[in-house]
Structure formats: structure tokens, C-alpha cells
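J.: Have a look at this prediction, sequence included:
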Amino acid sequence: MRRVVSTGEITVESAARNLQDYFTELMPRTGRVRSSSRFDSWAGGGDAPDVVNRFTADDVVAASFRSVKIPARTAVALLETRAGDISDLLASIPADVDLPDADPVQDLGAGSPARQLWNLLRGRHDDDGGWGVGPSTASKLLARKRPRLIPVYDSIIRRVTAAPGPKDQWEYWHASFADGVLAERLTEIRAKSGITEPISDLRVLDIVLSMHGKRQGFEAQEEDLES
């Protein structure tokens, strides 16, 4: 794993423990596992064949498991008023391509359908009526629909990795996978953790980084709740 900021090194052993805990540790307040552990699997997943190219109410629920607030106006846009535009863009974003194998221009670049959908979710169009969401919420909505391609971004991951801001994070992680070392580490972490959940390598990475940051006492910042 790459060096983190002011928190030492993430070892394979500590990462594997955190990954296992994410799915099995019982929370003191509820006596249940983390609700966020169901982000990918809730209602069969956001990339299930029958819903892969459209947002559903279950996607909105699943995103809420990741400590983001979905404003009512955003839910209406996702599910009704902009549903057609969003579905057209989703249909052009590959669901079967992993980030390391993605084309940095066609799949991730400024003119790509993924970037267009990111901008739409962020409300960067004149006719959106102000329903755009913050970068953390946008990343989690997109990660729900394309878990193999789109990485999660939030303040905890940013602090742990010193990754660039949301604008450049896709390219940053794409480059991080280039030499194959990160993918090998994630495979090793998954094996040592013993988890059986069919999550993508990107989700393993997201969980490992988030859990490490939370163990270090990092908390979500206001940018993650921006609406």
C-alpha cells in the first residue's frame, strides 16, 4: 500500500484485519454489522442487469449507508426529472471494465460519459435547478452504479492518501494501478481477510483506506455532507 499521511504505513496484515472487521465487526450501539457493508449488495447491487443503466430508490438508500445525505430534490432528479438523461449516460459507461483497464480518455476523460454524469450530479449545467450534490455524494452514487470503474472519494480517503481533489482522483487511481503492485496487494489483502463478499478491487481499496482513517480518528468533514 502507498504511504499515508501522518499515520504510518498500511500493512497487508492491518488492512486485511480492517477489511474483515468491516463486514463482521458488531457495532456497540446497534449490535449489528455496519450498514455501509451492504452498500454494494443492497437489493442485488446497483450494477445488476435489470438496473445497471438507471438509478433506483434502492441506489439512493444504498448511498445513504455511506454517510451521505441525498437531498429530496436530488432524489427527484435521479428517479424522475433527469432519469432519461442519466440513463443515456449510464448506458455509455462500461459496467464490465475495471479501473486499471479503463481507457483514460474515453472512459475517464473530460469528455467521457462518466465525467458528463459526474458534472450532471454536481449540478454543473445551467438547467439543473441547483440539485447538484457534493463530490463525496456524487462519487458514492457513481460507485454504486459502476463499482469496478469509479472510486469513492471523501475527506477521510483524501486525508489518508494525500490524493488530489475530486477533479483528478480518477486519473490518480488509474495511474496508481499502472505497475500492477497495488492490484497484487489488494488481492493479497482480500485473501488474508477471508471475506467472501463479491466486491470489486476498488471497493477493497476504498474500505481499507476508510477503515484505516477511522481507526486513526479521522472523521467525515463538512465537504462530505455538502448538498
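T.: Received the coordinates, thanks.
J.: who's in contact with the longest helix anywhere in the chain?
T.: Ranked by number of residues, the top helix in the chain under DSSP state H is helix 201-215. Applying CB atoms under 8 Å, 6 or more residues apart in numbering, the external contacts of helix 201-215 come out as 1, 4, 7, 10, 14-15, 18-19, 21-22, 40, 98-99, 143, 147-152, 154, 156-157, 159-161, 173, 182-183, 186-187, 189-190, 199. Glycine gets a C-beta too; all of them are placed from N, C-alpha and C.
J.: try stretch 101-120
T.: Contact partners of stretch 101-120, identified using CB under 8 Å, 6+ apart, comprise 82, 85-86, 89-90, 92-94, 97, 125, 128, 132, 138, 142, 146, 149-150, 170-171, 174.
J.: Narrow these to those that are buried.
T.: Buried by 16 or more other CB atoms under 10 Å: 82, 86, 89-90, 93-94, 128, 132, 138, 142, 146, 149-150, 170, 174, out of the contacts of stretch 101-120.
J.: mind listing which of these are in strands?
T.: Judged by DSSP state E, strands contain none of the buried ones among the contacts of stretch 101-120.
J.: Which of those residues fall within helices?
T.: If you go by DSSP H, the buried ones among the contacts of stretch 101-120 have 86, 89, 90, 138, 142, 170, 174 in helices.
J.: Dump the residues you listed into TSV; add distance to residue 32 and pLDDT as well.
T.: Below are those laid out as TSV (distance: CB to CB, whole Å; pLDDT from 0 to 100):
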residue	distance to residue 32	pLDDT
86	32	96
89	36	98
90	32	98
138	28	93
142	27	97
170	33	94
174	35	95
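J.: Sounds good, over and out.
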